[in-house]
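Asker: Next come a sequence and a model predicted from it.
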Amino acid sequence: MCDLLHDRSLLGLGNRLARIVNPRERFPVDHGLGYPVYRGWATEDGAQEVLARFKPDVVIAQSARPAPLLQSFGNAVPRMAYFHEVEHLGELAALSSMGDIGLLANSGFTAQRMTEQAGRMPAVIVPLIEPRFYMAPHRPRNVLFVNTRPRKGLEIAFRLAEMRPDVQFDFVKPWILTPEEIS
């Protein structure tokens, strides 16, 4: 289940058309990614619809701010928050006030920061990827590093570039930078 942007993308237009065809479904399902995805605007408003149609065994929110979405599901199904970064750990306070919310982290680093904030250690589940889609040839010639923020490993990337002068490293700044981060 995910929010749509208020734009004129094909995904958004297709969703609007599906809602016209079946106006009772505010969150039409599509299978474009190979699995069912319920898309709409204001996901918190669609939780009960998705519960009734999909009947999940558990809800795992992977957004930066999972509390509002998880709260909208109520206690009808077990709920978990899966953090992929440490930037929005302030959400942990809101989650703790909601009762028995499971916590997941994408790495030991994220889990440690969550433990410091929440006082309990989350389970670590590394992101699920298909390695064959990311495997590079054994002799790389080009490396692209996107989101050049220190917390994303910029210094490590610089050291790797120094160690491998035979490889072209390209660094792309993130789309949003604070004045302090521009260098």
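Answerer: Perfect, I can see it now. Residues are numbered from 1 along each chain as shown.
Asker: which SS class is F145?
Answerer: strand (DSSP: H, G, I helix; E, B strand; the rest coil).
Asker: now do the one 10 residues further on
Answerer: Classification of E155 by three-state DSSP places it in helix.
Asker: Find the least confident helix or strand in the chain, judged by mean pLDDT.
Answerer: strand 2-3 (a mean of 83; mean pLDDT, DSSP states H and E).
Asker: And the contacts of that one?
Answerer: For strand 2-3, contacts defined as Cβ atoms under 8 Å, 6 or more residues apart in numbering pick out V37, Y38, R39, G40, W41, A42, T43. In this view, the C-beta of every residue, glycine as well, is placed from N, C-alpha and C.
Asker: Between those residues, which sits nearest R26?
Answerer: Of all the contacts of strand 2-3, R26 sits closest to G40, with 5.3 Å by Cβ to Cβ.
Asker: What is the burial count for the closest one?
Answerer: 20 (other Cβ atoms under 10 Å).
Asker: Roughly how far does it sit from G74?
Answerer: 18 Å (Cβ to Cβ, to the nearest Å).
Asker: Now do the next helix-or-strand element following the least confident helix or strand of the chain: which elements does it pack against?
Answerer: Next along the chain after strand 2-3, taking DSSP states H and E as the criterion, comes helix 10-21. With contacts defined as 3 or more Cβ pairs under 8 Å, 6 or more residues apart in numbering; DSSP states H and E, helix 10-21 has these neighbours: strand 29-30, strand 37-40.
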